[in-house]
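>>> Quick one: sequence and predicted model below, then my questions.
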Amino acid sequence: MKRSTVKELLTSTETNRDVRLKGWVRTRRGNNQVAFIAVNDGTIIHSIQVVADLGSFPEETMKRVTTGSSISVTGKLVESMGKGQSVEIQATEIEILGDCDPEEYPLQKKGHSFEFLRENAHLRFRTNTFGAVFRIRHALAFAIHKYYNDKGFFNLHTPIITASDAEGAGAMFKVTTLDLDGAPKNEEGGIDFTQDFFGRPTNLTVSGQLEGELGATALSSIYTFGPTFRAENSNTPRHVAEFWMVEPEMAFYDIHDNMDLAEDFLQYLIQYTLEHCQDDLEFLNKMVDKGLLERLRFVMDNPFERKTYTEAVDILMKSGKKFEFPVHWGLDLQSEHERYLVEQHFKRPVILTDYPRDIKAFYMKQNDDGKTVRAMDVLFPQIGEIIGGSQREERMENLLERMREMNIPEDELWWYLETRKFGTVEHSGFGLGFDRLIMFITGMSNIRDVIPFPRTPKSADF
RNA sequence: UCCUCAGUAGCUCAGUUGGUUAGAGCGGCGGACUGUUAAUCCGUAGGUCGUAGGUUCAAGUCCUACCUGAGGAGCCA
């Protein structure tokens, strides 16, 4: 008989039929007559109840039905006689696929702390919470491709190993095949990278944006979706060394088109999850974050507030609130300022634009005032900046001027500059931190709990 | 990287102003119980108190260093 998944069985309306089920035992209850075995196979958050009359099965087999063991069950799918579930399986055959020694198995019937489960990242997929989180993570990855595909964007695979270290987005991991002991030296006494694999220093990418612009200035609209790496010694619930980013880049888009896209995109993703991951979201809303569903619906239904940086600074200065870092024009906004704007003043997501040029990257388009650039940050409640983007500087003269001011080596980025040299066009783009999006949508408060195998300082197990 | 807090049984924690054989709940194991829902009830085993030094008659408790984790800050996504 063909195996049915728990999802198929629980959503089936056709009862009183023979079925076969395979999965892992979550809990086992019962008395001296009958055993109730909750079996889960990860296809859906719910487990299905298997009922086994003890008289019909060898004691030796039933002894091995322990939490964590894998079993195959044949039996009849019937309406449940007990409360708590609509259908269950009346077992006629039970086969132990894999034993699980309860003395050694780390996961218990009761809940565990997230810290403990992080140390057991290889097994935490078997818990309800992490099952839900990673099913949702999948759904969102799929929704992102669907969204852009439906809009005519092309997915561009930008390199993970990059020779450019000029993006200025943070410390990078070096990539080399040279022996760390006794690496060849050049005449100045430094490492001689001409003998390295690529014949030059290389790193893991911190962003695919610059390469993304090359795609957009030919294909019109592209997006990248891949891993990025930061070698920063950041120890916070929002930072990891390896994370995924979505970076759309569009020719013929100005900053307003860019904002429209960012807002529509985020609302689409929330709506997609609400539609496709109901069970998982309801579980998370109940067990992890009681305000989750309400917050998601609110963000989906309400337009984001759009203000300039200058207006935001004005609001903060007039707020009368005492901040740890006093506000003045020119200061990069701190977490406390962003939170005040989003959570207390506007009480909704906020898009801030036109930041001072001195606190933003070289490639952002300069405004006519000579002071600000066409940057935009989307700020969300609880997690802060979820999107950072800008209209790009398409004027060669202005771009070169900024690069010289900021000591960005022109010769290393010659290929980037040629987009401005040959048929330059207005274009824009942004970066979305995929993992932070998952945090927002699942209500999980630590980024290490939305990544299957998180990489943080001093931690690269599994 | 900085600040704060924490590390005691498999898990979550308690452990008084330093004082004898270090406790609980849950989980495990054994038993009871005719349908359970984190089942319930009875019994039972289980600990080099993060590591290394130090103070003291005496250290889980005080001091120092280090390791690990969490929260906040910075960097940012």
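Yes, it's here.
>>> A:P237 contacts A:M444, doesn't it?
No. With contact defined as Cβ atoms under 8 Å, A:P237 and A:M444 do not form a contacting pair (9.3 Å). (Glycine included, C-beta is placed from N, CA and C.)
>>> So if I had to pick from those two, which one is more boxed in?
A:M444 (24 against 13; other Cβ atoms under 10 Å).
>>> Tell me the residues on the stretch 101-250 of chain A that lie near RNA strand B, please.
Residues of the stretch 101-250 of chain A lying close to RNA strand B by Cβ under 7 Å from any atom of the strand are A:102-103, A:106, A:108-113, A:115-116, A:118, A:169-170, A:207, A:230, A:232-241, A:243, A:245.
>>> What of the stretch 301-450 of chain A?
So far as Cβ under 7 Å from any atom of the strand goes, the stretch 301-450 of chain A lies against RNA strand B at A:325, A:332, A:334-336, A:384-388, A:431-433, A:435-436, A:445-448.
>>> can you do 6 Å?
By Cβ under 6 Å from any atom of the strand, the residues of the stretch 301-450 of chain A that approach RNA strand B are A:332, A:334-336, A:384-388, A:431, A:433, A:435-436, A:445-446, A:448.
>>> Can you tell me which of these end up in strands?
A:384-388, A:431, A:433 (DSSP state E).
>>> could those residues go into JSON lines alongside neighbour count and pLDDT?
Shown next, in JSON lines, are those (neighbours: other Cβ atoms under 10 Å; pLDDT from 0 to 100):
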{"residue": "A:G384", "neighbour count": "17", "pLDDT": "85"}
{"residue": "A:E385", "neighbour count": "16", "pLDDT": "89"}
{"residue": "A:I386", "neighbour count": "22", "pLDDT": "92"}
{"residue": "A:I387", "neighbour count": "24", "pLDDT": "95"}
{"residue": "A:G388", "neighbour count": "17", "pLDDT": "94"}
{"residue": "A:G431", "neighbour count": "22", "pLDDT": "96"}
{"residue": "A:G433", "neighbour count": "23", "pLDDT": "95"}
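>>> Any chance of TSV for those residues, columns distance to A:R357?
Output for these, formatted as TSV (distance: Cβ to Cβ, whole Å):
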residue	distance to A:R357
A:G384	22
A:E385	18
A:I386	23
A:I387	20
A:G388	15
A:G431	19
A:G433	23
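>>> ok, and the closest non-adjacent residue to A:N233?
A:P457 (5.3 Å; Cβ to Cβ, 6 or more residues apart in numbering).
>>> now the helices: where do they sit in the stretch 51-200 of chain A?
A:59-63, A:114-119, A:128-150 (DSSP state H, counting those that start in this stretch).
>>> by contact count, what packs against the last one?
Taking 3 or more Cβ pairs under 8 Å, 6 or more residues apart in numbering; DSSP states H and E as contact, the helices and strands that helix A:128-150 lies on are strand A:154-155, strand A:221-229, helix A:255-276, helix A:278-287, helix A:434-442.
>>> Please repeat the previous calculation with a cut-off of 6 Å.
Judged by 3 or more Cβ pairs under 6 Å, 6 or more residues apart in numbering; DSSP states H and E, helix A:128-150 is in contact with helix A:255-276, helix A:278-287, helix A:434-442.
>>> I'd like to know how many residues surround the closest residue to RNA strand B within chain A.
The minimum distance from chain A to RNA strand B, using Cβ to the nearest atom of the strand, falls at A:G82 (2.5 Å). By the criterion of other Cβ under 10 Å, A:G82 has 9 neighbours.
>>> swap in A:R297?
Per other Cβ under 10 Å, the neighbour tally for A:R297 reads 13.
>>> And for A:R402?
20.
>>> ok, it touching A:A361?
No. With contact defined as Cβ atoms under 6 Å, A:R402 and A:A361 do not form a contacting pair (9.0 Å).
>>> so what's the closest residue to A:M1 other than its chain neighbours up against?
Spatial nearest neighbour of A:M1, excluding adjacent residues (Cβ to Cβ, 6+ apart): A:R20 at 4.4 Å. Listed by Cβ atoms under 6 Å, 6 or more residues apart in numbering, the contact partners of A:R20 are A:1, A:3, A:74.
>>> Over to A:K322?
Contacts of A:K322 by Cβ under 6 Å, 6+ apart: none found.
>>> From A:V313, how far off is A:M1?
A:M1 sits 68 Å away from A:V313, going by Cβ to Cβ, to the nearest Å.
>>> got it, and A:T456?
A:T456 is 33 Å from A:V313, by Cβ to Cβ.
>>> A:R295 too?
27 Å.
>>> likewise A:L123?
Distance, A:L123 to A:V313, by Cβ to Cβ: 48 Å.
>>> More neighbours: which of those two?
Set A:L123 next to A:V313 and count neighbours by other Cβ under 10 Å: A:V313 wins out with 20 against 14.
>>> and the next element down the chain from the longest strand that chain A contains?
If you go by DSSP E, chain A has its longest strand at strand A:17-30. Following strand A:17-30 in sequence order, the next helix or strand is strand A:34-40 (DSSP states H and E).
>>> who does that following strand pair up with?
strand A:17-30 (antiparallel), strand A:48-53 (antiparallel) (DSSP bridges).
>>> how about the ones you listed in JSON lines, adding distance to RNA strand B and mean pLDDT?
Listed next are these as JSON lines, based on distance: least, Cβ to the nearest atom of the strand, whole Å; pLDDT from 0 to 100:
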{"stretch": "strand A:17-30", "distance to RNA strand B": "4", "mean pLDDT": "95"}
{"stretch": "strand A:48-53", "distance to RNA strand B": "5", "mean pLDDT": "96"}
